[in-house]
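Peer 1: Sequence first, predicted model second:
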Amino acid sequence: MIYIVSLLSTIIWITVTRELGKTSDRTNVPKIVTLMSAGTLSTIVLTISLFQEIRF
């Protein structure tokens, strides 16, 4: 499961980077906000799951 989430997270952040690279007249702000929200959520999920695997 963590591999799927990490792959999706990578794809989301690549898409965000491409959207931000577009010129300002072609930028779709709602799409960027949605992608950044999904990217942030997937990053939080990955961080939490990785910290749960660490043994202190």
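Peer 2: Nice, thanks for sending it over.

Peer 1: Which strand or helix spans the residue nearest the centre of the chain?
Peer 2: Nearest residue to the geometric centre of the chain (CA atoms, centre = their mean): Gly39, 2.1 Å. Using DSSP states H and E, Gly39 maps to helix 29-53.

Peer 1: What are the contacting residues of that helix?
Peer 2: With CB atoms under 8 Å, 6 or more residues apart in numbering as the test, helix 29-53 has contacts from Ile2, Val5, Ser6, Leu8, Ser9, Ile12, Trp13, Thr15, Val16, Glu19, Leu20. (Glycine included, C-beta is placed from N, CA and C.)

Peer 1: and the closest residue to Leu8 other than its chain neighbours, how many neighbours?
Peer 2: Closest residue in space to Leu8, ignoring its immediate chain neighbours: Ser42 at 6.1 Å, by CB to CB, 6 or more residues apart in numbering. The number of residues packed near Ser42 is 19, by other CB atoms under 10 Å.

Peer 1: who does the helix or strand hosting Val5 touch, helix- and strand-wise?
Peer 2: Taking DSSP H and E as the definition, one finds Val5 inside helix 2-20. Secondary-structure packing of helix 2-20 (3 or more CB pairs under 8 Å, 6 or more residues apart in numbering; DSSP states H and E): helix 29-53.

Peer 1: May I see the buried residues of the helix it packs on?
Peer 2: Using 16 or more other CB atoms under 10 Å as the test for burial, helix 29-53 gives Leu35, Ala38, Gly39, Ser42, Val45.

Peer 1: measure the second one to Ile14 for me?
Peer 2: Shown here: Ala38 relative to Ile14, a distance of 13 Å by CB to CB, to the nearest Å.

Peer 1: Dihedrals phi and psi, Ser24?
Peer 2: With angles defined as degrees, to the nearest 10, Ser24 sits at phi -60, psi -30.

Peer 1: list the contacts for the residue nearest to the residue nearest to the centre of the chain when sequence neighbours are not counted?
Peer 2: Of all residues not flanking Gly39 in the chain, Ile12 sits nearest, at 4.3 Å (CB to CB, 6+ apart). Residues in contact with Ile12 (CB under 8 Å, 6+ apart) are Leu35, Ala38, Gly39, Ser42.

Peer 1: Many thanks, we can stop here.
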